[in-house]
Each structure stands twice: as C-alpha cells, then as structure tokens.
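>>> Build me a structure from this.
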Amino acid sequence: MSKKISSRIKMPRRILLFLISTSFILFVLSLGYFLFVNSDQTNNTPYYKASGAQNTNLTIITQKESWSKQNPQNLTELFAKKTIVGTFVAQADNLGIIEIPFDTHNRSIDDKVIFRIKANGEKNWYFQSVYNAGQFQTDVPFPFGIPVIKNSRNNRYTFEIESLDGRPNNSISLSKASPYFFSKYKFSKAELTRNPLTLIQFIVVKAINQLPLLTGYEIVILALFILAPFLLYFVLIDSIRRFKKWVEATIHLISAAKIKTYLSRLKRVNYNLRYALDRKDKIRLCCSIISVGLFSSVAFHYFQGAYYGQGFPRNTFIPNWFFGDFFAVFEQWRNYQFNGIGFGLSYFPGTYLFMDLMTKLFNAYVAVLIMLISFTVFLFAYTYKNVKINKILESLRNAFIISLMSYPFLFAFQTANLEIITFIAVCLFFIFYKKHKTLSVLALAYAISMKLFPGVFIILLLLEKRFKDIFLTCVFTVFFTILPLLIFDGGFNKGIGNYINNFKGSQQLYSNLMILGESGNHYGHSLLNGFRALFPWVFPSSIEPILFSYIIFISIITLAIIGYLFFFEKTFWKRVACLVMMMNLFPFTSTDYKLLYIFLPLFFLINHLKKSKYDAIFIILFSLLLIPKDYFYFNNNAFSNLNVVANPIIMSTILLLIIFLGIKQSLGKVRNTVNNKLFSKIA
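Residues are numbered from 1 along each chain as shown. Model prediction:
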C-alpha cells in the first residue's frame, strides 16, 4: 500500500478509542432501554387503559411461546363449546398474565369466552374467568390476568379458551399474523430492591427472554447507535475535505481569466439524469440513496410510534415475526419430516437437506443464529468484493451501507426466511459462472431444488448456448430433489403417493394464506400484489377464477421477453436484470426478502466498464428497490402501502427501459447498416 493511501486511512488512537467508547455506551443504553424500559404494546390497548391494569414493563418478564402442534383446531374459527389449548413451561416465578393475539376477521364479535389455567398434573383449574370477546382486537395480544403464582418457575402449565356462543360470522380465531402467545411474570420493585440475588436473577432471565422479542426496527436502532459515531466522524471528515476543495476551487475561479472558461463549461452541463457515471460515482450514488432512504424511514416510523401512538405495522417497515419463518420450518421438520402438512413443509425437497442438518446439530436458536451470521458475513463480503476501491475505509463503509443497511437484508434477517439459502446459492452460481462452471451449475441446481423460481437463470445458460451446463443443472436438480426423499422418513419409504399428498396439502395451506387470501399482499411486490393493493375493488372476493387468465397473460409476456433476450440484448447485466425482474414480478406473490436478488444486476451494472448516459437512471431505480418506502397507505390499509405498489412499478420500469433501449439500439444499427450500403452503391 502506498504512503498516500496509508495516510488517508490512518486514524489517531485517541479518536478511535473515543469512538469505540461512545458506540459501546450508546449500545448499552439503547439495549437497556429496549429490554427493560420500553413500554409493552399491550399496555396501550383500550382494555388496559379502561381497566387500569397497565403495568410498567420494567419489572415484567415476557416469554414468547409457540402453540402446540398437536392442536390443529387452534387455526380454525372458535365456535361454541370448542376450545383452544395451549401448554408452556414457565421460565420464571410470579406468573401473572397470559397474552394471546386473536383474529376478529374485521367483525364486531358478540361472544363470551372462558379462560382457564392449571399446572399439569392438577385435577382442578387454578383460575378461570369469563371475558367479553368484543374487547379483542385483531393481532393485538389480549391479556388474561391470573392471581400471581409465586413458585411457577420450571413448571408446565395448560390453559384453555372456550367459546360460549361462537358461530359463523360471529367468532374469533387465533391470529395468523402472530402465531404465538406470551406468558408474563410480574415482580414488584420492592421485591427486587430488597433481595440482590433476586434482582440479578431477574435481570438475567429478563434479558434472555426479551432479546428474541426485539423487533427489526429496534435492531436497526441498535445498529445505528453502534455505527453512528463512526459514520458521523467519517461524514464530518469527508465533508470538511470536500468543503475545503470547494473553497479552493471557488477562489481559483474568481480570477477574471477563469470566469470565461467556467461559464463555457457551465453551458455544456446536462442537468437531466441522463449522464454517464464512472464506477465510483455509481457506488456513491447508490450509497447516498440507501443511507438517506433508511434514515428517513427509521425517523418516520419512530415518530409514528413514539409521538402518534401508532402500533404495528405503522410504526415499523418490517414484519413483527422475529425469525418466525425459520422456526416454523425447523420445528415442523424436526417433528414430522415428510409425514406432516404445514407451512414449513411446503418447500421443495432440497430445502430439507439443509434443514435436517440444522435440526440434527443444533437447537432452533443456535441454528438460526448460525444461518444469519453466515448470511451477514457472506452478503457483506460479496458486496465488498463488488464495490471495492483503492481506499479501504471507504470500501468498507460503502459495503456496509449497500448490504447491511438495505431493506432486503433487514427484512430477510428479521424473518430468517430460507430464501437466504436460495439467494446464497444463486450468488455462488454467478461467482463461479465463468471460471468454475461445474460448481456454478451445482449451486444453481440446489437453489432450484429448494424453490422453482431460480430456474429462470437457466435461460442465461441457453442464451450463451451452454447446453452441457443446462443438462448438468437438470441432473443435479433431480439429484438434490430425490436424495432427501430417499433418506428421510415420509419419502419413498412411505410411498411416493404419501409424500405427494402431504406436499399438496402443505402447498394448499400456503396458497390459501398467501395467494387466495390477502397475506401475500403484506410486504409483497409482484404485479398481482401491486394491483390488488391499488385496486382492491376490481378483484372478486375470491381471486381463484382469475388466476388462470393471469397465468396466460404472464406466459405471453415471458415468451416476449425471452425472445427479446435472444434477438436483441447482449449486455450481461441487462440480461440478468430482466431475469431477476421476471422472477420477482410474475409469480402470484413475491415477498420482500426476494428483493435480495436486486443486488445481482446492481453489482454487474456497477462493474460494467462501458459508460452509458442512462447509468444514473438505472442506479437510482435499483437503489430505490433497496430502501423502505411505506410512507402512506392505500384504501386505509396499513399493509397496502407505497412499498407494495411502488416496487412493482419500479421493476416494471427497469424492465421496459432495458427493452426500449435495446430495441432502439438494434434499430439504430440496422438503419446505419442500410445507410452505409446505400451510400456505397451511390459512391
């Protein structure tokens, strides 16, 4: 490294220690606030305020519980004389509240429910009471208070909720958006301050139980507190240097001899967005948009929650199920393998090669931690490789902003969806694409064996006439699909018909929730998602009758785009961009963790050597897909927000612009060829 570069990245030790200390103090204070002080969501519900039952979150331990898989009736509507059953093991003493989120189906409920609870092994119920179901709110945990059980720690408890008058169109069910419940343990301040040992145990148990309850928004805030001193320092230093250069340039231009030259240059400046960018300009423009976009969204949602009292989803731009997608697959695979039906069993067989390894080696929390750390390191390293410049600190800063401050990363990290593994496999396909073709197709085959959508990249191999690689991709895909059916229970050993029936049942559950239902519109970005959010009155109560027409429509467009790629488009990053947009736009629903694939064409564009006057437009469009944009809502539905509508529009714009420019360029070449031939004949 040259002395010039070394001098630029050198930081005084005193400043480095100050920045580290400040970051640590801010992190500890903010983490302590979120774990011990931040008010609980249910404390602000009308029930709490009306009953005067509000409690400070400071002296309460909250434990998140999963519903028992042996109670499938939990997912249906609760009719008269039917019961919902839940079991859990208390992690602390002083059990005092059970909180359960319900779904009222946007109806006014005229029903009463009985809540009862007892310790396992006891014949009589410890406590039971009748509640008016009209108090319940959709997806807001309702608190069932019980007389505090002093010695509840490590004891297993069972509770039941029974409907007295539930009937069709007048019944509740458990929340599908929040498929869990909470147990709460209440301590008095006097009890904690009087006994230091109790206080220490309380702090440890509360921290362990509150950490999994941190929302994605709170994690973003913690990350910003850690990084804010360093970012502010570098921004300040960079701003001072730029200001100094600007002052020097201004003084230089004041001389009369330079004014005429300056004005002549000014006339040639193109003020629209159509100008070519070099590689550094592309990276800086992308970083600027992502930084401003994230900080603006965090500030907006903070004010929504803190000052306007808005709850989920208006106070955050990401879901409230913390690692929920991973836990659902982990638990259902561990319990049933291919023998059951569930949302977590709706993936293609290749998925469970990875998941079985996780269940065999780790518990759910360690497994998800390993996956997310690996994902974070991989994405940061992959981004750093693609945005690296000759300044190390600036390269690290740019890689951090583009990767770890992006909306798709935060969304995927929060949900821990297995799309993370599929995305890594697709990235490896491109990393090995030129020099290690066998490894490349191996990675693509595994991605296809998990989810069908990455199969769109086979078109890329077809465009380059790599028929051997296409054949190998198909062979490896079949291998990764058949292997788990051979080695795991419920596959071939129970008969392929058994597996197919279970797989169809799991797929139907997913379809009912995400396609036929409205849940797919929550954090979705497909064309169909955008239309359903923007024009809900156009669609029938059941969209099933229009799905076939949609398939025909998409099939025609797909064939047209493939034809364009074959006959017109030769630029690699544009080919990849078209395939990514097709993969995200055309399915019935695409959840926002699939926006991770936007990194692929973005990085190829950044490293594309040939400049174009449309570079700035494409960088802006790609960058807008990497920031949250849910600043207002359509049809008074917080889930039908600007993200759901804007992202399909942006992706469609990218697709159409690429096609328009490609056809225009090809027609221009044809016209020039014809003109040259005519000119040669005349000459």
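
>>> Surely residue 389 and residue 280 touch.
Yes - the criterion here is CB atoms under 8 Å, and residue 389 meets it with residue 280 at 6.1 Å. Every C-beta, even on glycine, is put in place using the N, C-alpha and C of the backbone.

>>> So for the two, which residue has more residues nearby?
Between residue 389 and residue 280, counted using other CB atoms under 10 Å, the more crowded position is residue 280 (15 against 12).

>>> Enumerate every residue touching the more buried one.
By CB atoms under 8 Å, 6 or more residues apart in numbering, the contact list for residue 280 reads residue 389.

>>> mind giving me the domain split of the chain?
Domain segmentation of the chain under automatic domain parsing yields 65-196, 282-667.

>>> Ends of the first one, what's the gap?
Using CA to CA, to the nearest Å, one end of domain 65-196 lies 28 Å from the other.

>>> coming back round to it: lowest-confidence stretch among the domains of the chain?
Of all the domains of the chain, domain 65-196 carries the lowest average pLDDT, namely a mean of 83.

>>> which residues touch stretch 504-511?
Under CB under 8 Å, 6+ apart, the answer for stretch 504-511 is 341, 342, 343, 345, 346.

>>> which of those has the most neighbours?
residue 345 (26 neighbours).

>>> does the closest residue to that one other than its chain neighbours belong to a helix or a strand, and which?
Using CB to CB, 6 or more residues apart in numbering and skipping the chain neighbours, the partner closest in space to residue 345 is residue 506 (4.4 Å). Assigned by DSSP states H and E, residue 506 falls within helix 496-510.

>>> backbone phi and psi for the spatially most central residue of the chain, please?
What sits nearest the mean C-alpha location of the chain, by CA atoms, centre = their mean, is residue 411, with 2.0 Å. Backbone torsions for residue 411, taken as degrees, to the nearest 10, come to phi -70, psi -50.

>>> so it touches residue 625, yeah?
No - using CB under 8 Å, residue 411 is not in contact with residue 625; the gap is 11.9 Å.

>>> Quickly list what's touching both of those two.
Common contacts of residue 411 and residue 625 (CB under 8 Å, 6+ apart): residue 595.

>>> Kindly list the longest helix within this structure.
helix 642-682 (DSSP state H).

>>> Which other helices and strands does it contact?
Applying 3 or more CB pairs under 8 Å, 6 or more residues apart in numbering; DSSP states H and E, we find helix 642-682 packed against helix 527-534, helix 544-567, helix 572-585, helix 615-624, strand 633-634.

>>> tell me the angle the helix or strand just after the third one makes with helix 642-682.
Looking back up the chat, that one is helix 572-585. Downstream of helix 572-585, the next assigned helix or strand under DSSP H and E is helix 599-606. Helix 599-606 and helix 642-682 meet at an angle of 40 degrees, taking axes from the mean of the first three to the mean of the last three CA atoms, to 10 degrees as the criterion.

>>> which residues touch helix 599-606?
By CB under 8 Å, 6+ apart, the residues outside helix 599-606 that reach it are 279, 282-283, 286, 379, 382-383, 386-387, 403, 406, 408, 426-427, 430, 572-574, 576-577, 580, 615, 618-619, 622-623, 626.

>>> and if we set it to 6 Å?
For helix 599-606, contacts defined as CB atoms under 6 Å, 6 or more residues apart in numbering pick out 282, 386, 573, 576, 577, 580, 618, 622.

>>> Next, format those residues as JSON lines and append neighbour count.
What follows is these, written out as JSON lines (neighbours: other CB atoms under 10 Å):
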{"residue": "282", "neighbour count": "24"}
{"residue": "386", "neighbour count": "19"}
{"residue": "573", "neighbour count": "18"}
{"residue": "576", "neighbour count": "20"}
{"residue": "577", "neighbour count": "27"}
{"residue": "580", "neighbour count": "25"}
{"residue": "618", "neighbour count": "25"}
{"residue": "622", "neighbour count": "23"}
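
>>> And these, which two are furthest apart?
Greatest spatial distance in the contacts of helix 599-606: 282 and 580, 17.7 Å, computed using CB to CB.

>>> which SSE is residue 479 in?
Using DSSP H and E, residue 479 maps to helix 467-487.

>>> Give me the neighbour count for the closest residue to residue 425 other than its chain neighbours.
In space, and not counting its chain neighbours, residue 425 is closest to residue 447: 3.8 Å by CB to CB, 6+ apart. The burial count assigned to residue 447 is 28, neighbours taken as other CB under 10 Å.
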